[in-house]
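Trainee: would you be able to build a 3D model of this:
(chains A, B, C and D)
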2 protein chains.
Amino acid sequence: MTQDTAPASSRRESGSVTLQDIAAHAGVSRSTVSLVLRESPLVADRTRIKVQAAIKELGYVYNRGAAALRGSHTATLGVVVYDIATPFFGAMVAGIDAALNREGYVSFLANSEDSPERQQRFLERMREHRVDGILLCPAEGTPASLIDTLASWSLPCVQVLRHIGEPPFDYASSDFARGVHQAVGHLVKLGHRRIAFLGGHAQHSATQERWQGYSDALAHHDLGYQRLVRGQVTRRAGLELIETLMQETPRPTAVICHNDLMAFGAMLGLKRMGLTPGVDCAVIGTDDVEEAALSDPALTSVATHPYAIGEEAARLALRRIADPNGAREQVVLAPRLQIRESCGSASQATLPASPITSDSTT
Amino acid sequence: MTQDTAPASSRRESGSVTLQDIAAHAGVSRSTVSLVLRESPLVADRTRIKVQAAIKELGYVYNRGAAALRGSHTATLGVVVYDIATPFFGAMVAGIDAALNREGYVSFLANSEDSPERQQRFLERMREHRVDGILLCPAEGTPASLIDTLASWSLPCVQVLRHIGEPPFDYASSDFARGVHQAVGHLVKLGHRRIAFLGGHAQHSATQERWQGYSDALAHHDLGYQRLVRGQVTRRAGLELIETLMQETPRPTAVICHNDLMAFGAMLGLKRMGLTPGVDCAVIGTDDVEEAALSDPALTSVATHPYAIGEEAARLALRRIADPNGAREQVVLAPRLQIRESCGSASQATLPASPITSDSTT
DNA sequence: TTCTAGATTTGGATCAATCCAAAAATACCT
DNA sequence: AGGTATTTTTGGATTGATCCAAATCTAGAA
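Mentor: The predicted structure follows:
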């Protein structure tokens, strides 16, 4: 009989095998089988073995839906991001996935495309599916009340990257303000005095924290020049914004970008203007996506560790599910400045670029 | 009373409202409410309205888990990809998400990281969750028998991008062979005679189809030079492989890459060697990710439309779920060559690059 | 008014698990 | 052997919806 490789697929059409069937086959009750399945210490070894054999022999498949109906959790989580097509989110979702899988959880994914309506529809669907919790990167324009709504649904929610509503809330992210601060500090050390910031124009905490970090750092280093340009946080916007920026007088000698995509765009823009990134203008990005090390020139970037943020967010969600009334937590990872060629500190001489930044202080 | 904005949240702690409660409130039976919920034409307008009012007033939340237990489907799908961190997959998942959402479906996402074991664990979990179907980009090394296993589980499965097992199967992808063919054709038209291919080293259909397209195209154009280099399909591999390739004699005058990531790496490699992509060596990528238009130089690429593939795959899956025994379908989208500067045909003079490729035919 | 076809509505069984209180089996002490 | 304590096992109720066959209601015809 071939029933080891394909466990008794001949059982019955495909009309699933139930606990009852196993119970009958093993000569015990439904309840006992259930206990074995859930690895309860109540059941005697001899019985456990007998039941496990029956389970294997009949090719039983646990029905999580039925279990969820009677029990209290579904082992599922809803994950909402606003732009899955971005390498940053890809890495973050990979981190979430890895951490959840380890705990036997599985996640629904939705891409809100920054539409609060789509986000809302998805959340309602998640409620109908009785997910145990939500990992939410709130779409732009999400009303702060959403957090209360979720709370009134008694659906645990961990905010990621961006946050809305009033503290305390569960939150996992990177310390964006500190990241910008580090970037400014490094540029100052290299002699820069006119440092611009290419930022997002939206109302997010993630955007505002960077602005804050920027202006605080300028004040801290006593820099008079302050120039914050806003736009989409895309490659194309970086390309376009740098152009206007470099036509101003005085022009900045360095620019820090909201994310790496903008930074790549900015570097491309500089090149199109006949300027050399890292020589005529230093460029620093944020996120340190994989591509940063392999761009031309290699991009100096504030590493925000998306994979780790994903893992932390997932862990936090599981903690909150286990203890819904526990104290809210904020896991804010420290960023790390990854220095490469684009800010002119040319540690590796891979490109024929002059080692020291050209800058002209007032 | 504030019960319009927050629909009667005072109903009962949060011990959910059931069909029974609504039935009682509206003075009808459980069954009738169920019919209203499912928009059955059987129920009279007057009753429908009465019930809908009760639903709204009590703040009822449909319990899909309970429905799935008795009914026949769960309105969920499992999606397995092998590298979500890549922009290509990001776009594809976005397409899947959009198409599914339109039909009220929701999807579990798993990132196999090309591990057949992780993939297997996820699929088993999906079975326990009773998903209606699977969208599978098979991990490298997946045994062909997996398709039969899924069939024996009577779990509809649409393969995406890669395929394993024997036809007929459901499959959504791009015509990779044709894409490479187009690329070769274009290069030949520009005068190239020594065209190399930077490909993946894995055992996928997606890799092999490209090789096939490459050698067929060479034969078709009567080119004697054939050089296929294999490696990982990453930016770094592209960077490294181009280096060895350009040190050979004779060296190719053009190179086609398995995907855009490799192409970006190859262009960077050329630059690091002091060569100019599009002048000293033409480069063509595959996929036409967003970044292709904004690289330096802009990358000529075979557009494979990941978003559209995602949508098609989702649609196909829904069709198969609706009709499990219908004829298997293959949706293979035609790629389109997107011509930009990296192959030297410099249509836009944004860069100070010489317009015509330098090539020396035998 | 009675009958009947057609349109609505309904209660009971069912889906596959978990919970719980009580029963049965076993072990431990005099 | 008898009685208590402890460990295992169990049947019945429960979860919240759907299916289905039968019951009820309505309107039009005779």
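
Trainee: ok, which stretches of chain A are strands?
Mentor: Applying DSSP state E to chain A gives strands spanning A:76-81, A:106-111, A:133-136, A:157-160, A:170-174, A:195-200, A:227-231, A:254-257, A:282-287, A:300-303, A:330-333, A:336-338.

Trainee: any chance of the ones you listed in JSON lines, plus distance to DNA strand C, mean neighbour count and mean pLDDT?
Mentor: Any C-beta I mention is one placed from the backbone N, CA and C, and that applies to glycine too. Formatted as JSON lines, the strands of chain A follow (distance: least, Cβ to the nearest atom of the strand, whole Å; neighbours: other Cβ atoms under 10 Å in any protein chain shown; pLDDT from 0 to 100):
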{"stretch": "strand A:76-81", "distance to DNA strand C": "15", "mean neighbour count": "26", "mean pLDDT": "98"}
{"stretch": "strand A:106-111", "distance to DNA strand C": "16", "mean neighbour count": "24", "mean pLDDT": "98"}
{"stretch": "strand A:133-136", "distance to DNA strand C": "18", "mean neighbour count": "28", "mean pLDDT": "98"}
{"stretch": "strand A:157-160", "distance to DNA strand C": "23", "mean neighbour count": "26", "mean pLDDT": "98"}
{"stretch": "strand A:170-174", "distance to DNA strand C": "25", "mean neighbour count": "24", "mean pLDDT": "98"}
{"stretch": "strand A:195-200", "distance to DNA strand C": "46", "mean neighbour count": "25", "mean pLDDT": "96"}
{"stretch": "strand A:227-231", "distance to DNA strand C": "52", "mean neighbour count": "16", "mean pLDDT": "96"}
{"stretch": "strand A:254-257", "distance to DNA strand C": "51", "mean neighbour count": "31", "mean pLDDT": "98"}
{"stretch": "strand A:282-287", "distance to DNA strand C": "42", "mean neighbour count": "30", "mean pLDDT": "98"}
{"stretch": "strand A:300-303", "distance to DNA strand C": "43", "mean neighbour count": "27", "mean pLDDT": "98"}
{"stretch": "strand A:330-333", "distance to DNA strand C": "30", "mean neighbour count": "17", "mean pLDDT": "98"}
{"stretch": "strand A:336-338", "distance to DNA strand C": "44", "mean neighbour count": "17", "mean pLDDT": "97"}
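
Trainee: and these as a markdown table, adding distance to chain B?
Mentor: Listed next are those as a markdown table, based on distance: least, Cβ to the nearest Cβ, whole Å:
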| stretch | distance to chain B |
| --- | --- |
| strand A:76-81 | 7 |
| strand A:106-111 | 4 |
| strand A:133-136 | 12 |
| strand A:157-160 | 15 |
| strand A:170-174 | 17 |
| strand A:195-200 | 15 |
| strand A:227-231 | 15 |
| strand A:254-257 | 14 |
| strand A:282-287 | 12 |
| strand A:300-303 | 15 |
| strand A:330-333 | 18 |
| strand A:336-338 | 16 |
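
Trainee: what does the stretch 1-150 of chain A have sitting close to DNA strand C?
Mentor: A:15-16, A:18-20, A:30-31, A:34, A:37-38, A:60-63, A:66-67, A:69-72 (Cβ under 7 Å from any atom of the strand).

Trainee: switch the cut-off to 6 Å
Mentor: By Cβ under 6 Å from any atom of the strand, the residues of the stretch 1-150 of chain A that approach DNA strand C are A:16, A:18-19, A:30-31, A:34, A:37-38, A:62-63, A:66-67, A:69-72.

Trainee: so which of those also contact chain B?
Mentor: Filtering those for neighbours of chain B using Cβ under 8 Å from any Cβ of the partner chain leaves A:Y62, A:N63, A:A66, A:L69.

Trainee: neighbour-wise, give me the winner out of those.
Mentor: With neighbours defined as other Cβ atoms under 10 Å in any protein chain shown, the most crowded of these is A:N63; it has 19 neighbours.
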